[in-house]
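Colleague: compute the structure for the input listed below.
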Amino acid sequence: SVEVDGQFYTFAANAGIVKTKHRDQGLPADYVNAYQESIVLGASCHDRRGELNEIIQTLSQTFTPTSYHLAHRNCNHFTETLATALILRDQLSRDNYNTHAPDNTTPGTSNNNNKRLETFPQWINRLANTGRMVIAHDDDIVPCDVWKEAICAVGADQKVGWDIASSSTTTTIQNKSLSKSSQGKKTLTPAQAVALAKLRKK
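Modeller: The predicted model follows:
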């Protein structure tokens with residue numbers, strides 16, 4: 001489980017994402033008393049409780065009660081995804097923007113295989129990661145992509161489009177302002193032009 005602001009979040013088969021005030025509360029019997037140690041992963045970047053709830057709500061769409069798989073989507077996949085979203089929120093946003101930027105020419109930026117939260121120990125899910133190569137999964141089980149799902153959890157996949165739309169809106173407003181300025185200049189009638197020319201000669 002991951003402890004955030006005094007609350008514990010974990011993912012279990014037939015239960016989905018579970019939030020409790022105590023580490024073992026509300027978990028299936030075979031999960032209780034399995035605690036071994038606590039590891040400090042880093043400081044969370046979330047600014048408010050609502051933002052944390054939004055991240056959990058997004059993750060609950062993929063970490064459902066029926067999506068649990070020992071090798072492809074387990075409790076360790078969830079804790080790593082949640083920790084990545086909370087601790088690397090700003091990096092996830094920058095990474096997703098750079099990946100989808102039109103002028104992006106950096107090779108391999110869309111490959112998430114080597115991107116991870118460095119403070120999350122690799123040994124925790126080593127057995128499952130090895131098993132993924134040989135253990136098949138049902139069609140309704142989607143293997144967890146920690147980095148990609150963390151990007152979605154913080155809404156970074158939508159912020160790219162939002163930034164582009166925001167820039168376009170700003171440009172449109174500025175263009176309209178210029179158009180109004182040009183419309184404010186009156187065009188002289190032929191008679192007015194002749195009169196002006198005579199005044200200039202004097």
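Colleague: residue contacts, the closest residue to N76 other than its chain neighbours?
Modeller: Once flanking residues are discounted, N76 sits nearest to N125: 4.0 Å by C-beta to C-beta, 6 or more residues apart in numbering. For every residue, glycine as well, the C-beta is placed using N, CA and C. Contacts for N125 (C-beta atoms under 8 Å, 6 or more residues apart in numbering) come out as N74, N76, H77, E80.
Colleague: try 7 Å this time
Modeller: Counting by C-beta atoms under 7 Å, 6 or more residues apart in numbering, N125 touches N76, H77, E80.
Colleague: from those residues, which land in strands?
Modeller: Among these, no member is found in strands (DSSP state E).
Colleague: now the residues you listed in TSV, with pLDDT, distance to S38 and neighbour count?
Modeller: Putting those into TSV (pLDDT from 0 to 100; distance: C-beta to C-beta, whole Å; neighbours: other C-beta atoms under 10 Å) gives the following:
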residue	pLDDT	distance to S38	neighbour count
N76	94	15	20
H77	96	19	24
E80	96	15	24
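Colleague: same for the helix or strand hosting L127, what does it pack against?
Modeller: Element membership for L127 (DSSP states H and E) is helix 126-131. With contacts taken as 3 or more C-beta pairs under 7 Å, 6 or more residues apart in numbering; DSSP states H and E, helix 126-131 sits against no other helix or strand.
Colleague: before we move on, back to that, for the residue nearest to N76, give me the pLDDT.
Modeller: N125 carries a pLDDT score of 89 in this model.
Colleague: helices along this protein, start to end?
Modeller: Using DSSP state H, the helices of the chain run over residues 49-59, 75-87, 89-100, 126-131, 146-153, 156-183, 190-201.
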